[in-house]
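Visitor: Show me the folded form of this:
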Amino acid sequence: MESVQCATWRLKHLWHCLSLAVGLWVATGSQPVQAQVGGVYIDPTGLLRETSALSPQELRDQLARDNPGEHAAGAVSRRSPLRKVSLRRLEQTVARMRQQGQALPADCRFLAGLTSIRYVLLYPETNDVVLAGPAEGWNRLTSGDYVGSDSQQPVLQLEDLIVALRYAFANHEPGSFLGCSIEPTAQGVRAHADFVRRLSGMDGSKVDEVVDGLEQSVGLQDIHVYGIEPASRFAWQMVAADYRLKRISLAHDPSPVAKLPSYLDLAEKTVNAGPQRQHRWWFVGHYDAIRHTPDRLAFALEGSGLTVATAPTSPPGSTAKPAERPTRSAKQFADLATKHMVELIEKVPAIAELKNLVGLAVAATLIRQQADRERAEATEPAAESTEPAPAGRGLRTWRPGHFLDDEKCPITRLAVPKQTPSLANVRYVQNQYWLFSVSGGVEVDPRRMTDADHLQPAVGAKLNDTRGSAAPPNQADRWWWD
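Guide: The predicted model follows:
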């Protein structure tokens, strides 16, 4: 049965039709940390704004205040096609430094410069788990994103790994997921309906006036985060990725991909005299394949990790049920965004960050599943047999301890995004106004992504060989290596 959380998210998103706008209004209690993610930041009044609103000097000052000197230095700055990170040794290093009251060095905070997770490798024989993927040194963009010095792709961050592990090792209702959503208030829905009724008789010279009136009529919308700490960087990045997709879809930002036109450009070619239809788009966590060895001690993640889905909605205030299928232009935008996801990831840091979050969530879930298998094996009565015990039986793969303890291992609490102004756009076609407004969100269900229906056996011995060659070195103090 679908959980209350999941059902509520789907129901509410069926009806709201506006999404993340130029800024987010955030609660500012308990002196939350100011930061920048996805090209947005919190100003002193608590308004989350785009960094493009700042002058170059203001940007430099903001970056200097946030986290000075967090660049890669030494061996970790070298580019590597396959860097390995031992989670057991990393956790031990972090726990020791926190116990001694030391600040974590940049290589710990940025997971040795990993820019993606390609492999999740389990070593019950040494009580360890290794994440492996490409890595390089990093620098900071004016948007606030930390990216690889060469690839310009965001580097993975320790705090996101911790949030992913806490989600994976918590108990959840069936059907729950990681995600975010933006919903109009009841007052905004009523005001929107009143505004639309007053549009008759306006000509094409009033486009700007109509856009302003439409956004102002709906007013602030509520932001919700599901499954994780809403004040975490992980949550912020989900919202930031959704923000970017909506601005691209409504032509508020130019598309960074030549073959991905805005939804407005697609819809303008197919409008007709029938009733206007609104749609929502949302990111869905999805790999082309997650391949595994027969013993399920090595996993390879294949694909971008993201798709875009769409569904029709009803305009605010409407009592009519939404159509069962999206329009051709709405589906075309979702399909094109999915088809060109790799290019979007390369061009939009916020979407690349979301890709990394999906990888961390899936890796954490695979670790939890191994822990559950080992627990089940430990409670099974030993059967009388002359056959040798399965490889790994009786051994124990690493499972987090310090990382799950919020008191001993606290994460940075950012200001919680609470509300956002609405975002819409208008086209004047065939002597009438066409109001375009979209909703969306993020939905990542790592347990579904890693269930039996989505895992596939590896072909050949390459994955098993990769696990063998990536085993942790003998030096116990080395938590990463190439």
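
Visitor: what does stretch 302-309 contact?
Guide: Contacts to stretch 302-309, defined as Cβ atoms under 8 Å, 6 or more residues apart in numbering, come from residues 245, 281-291, 333-334, 337-338, 341-342, 345, 351, 354-355, 358-359, 362. Every residue, glycine included, has its C-beta placed from N, CA and C.

Visitor: Buried only: go through the residues you listed for me.
Guide: Members of the contacts of stretch 302-309 that pass the buried threshold by neighbour count (16 or more other Cβ atoms under 10 Å) are listed as 245, 281-287, 290-291, 333-334, 337-338, 341, 345, 351, 354-355, 358-359, 362.

Visitor: Just those residues: which are in strands?
Guide: 281-286, 290-291 (DSSP state E).

Visitor: what about residue 190, neighbour count?
Guide: Number of residues near residue 190 (other Cβ atoms under 10 Å) recorded here: 15.

Visitor: Let me know the secondary structure of it.
Guide: Classification of residue 190 into helix, strand or coil gives helix, according to DSSP: H, G, I helix; E, B strand; the rest coil.

Visitor: May I have the predicted confidence score for it?
Guide: As predicted, residue 190 sits at a pLDDT of 80.

Visitor: just the one 10 residues further on next, same as before
Guide: The pLDDT attached to residue 200 in the predicted structure is 67.

Visitor: could you redo the ones in strands among the buried ones among the contacts of stretch 302-309 as JSON lines and give each row distance to residue 104?
Guide: Conversion of these to JSON lines gives the following (distance: Cβ to Cβ, whole Å):
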{"residue": "281", "distance to residue 104": "37"}
{"residue": "282", "distance to residue 104": "34"}
{"residue": "283", "distance to residue 104": "30"}
{"residue": "284", "distance to residue 104": "33"}
{"residue": "285", "distance to residue 104": "28"}
{"residue": "286", "distance to residue 104": "32"}
{"residue": "290", "distance to residue 104": "30"}
{"residue": "291", "distance to residue 104": "33"}
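
Visitor: Mind listing what's buried along the helix ranked longest in the chain?
Guide: With secondary structure taken from DSSP state H, the chain has its longest helix at helix 349-379. The neighbour-count check on helix 349-379 (16+ other Cβ under 10 Å) flags 349-371, 374 as buried.

Visitor: Report the next helix or strand after that helix in sequence order.
Guide: With elements assigned by DSSP states H and E, the helix or strand that comes after helix 349-379 is strand 417-420.

Visitor: Which phi and psi values does residue 79 adopt?
Guide: Backbone geometry at residue 79, expressed as degrees, to the nearest 10, gives phi -80, psi 140.

Visitor: which non-adjacent residue is nearest residue 413?
Guide: residue 231 (4.3 Å; Cβ to Cβ, 6 or more residues apart in numbering).

Visitor: Report pLDDT for the one you found.
Guide: pLDDT for residue 231: 90.

Visitor: Hmm, it is touching residue 406, no?
Guide: No: counting by Cβ atoms under 8 Å, residue 231 does not reach residue 406; the two are 11.9 Å apart.

Visitor: most centrally placed residue in the protein?
Guide: Among the residues of the chain, residue 354 comes closest to the average C-alpha position under Cα atoms, centre = their mean, at 3.0 Å.
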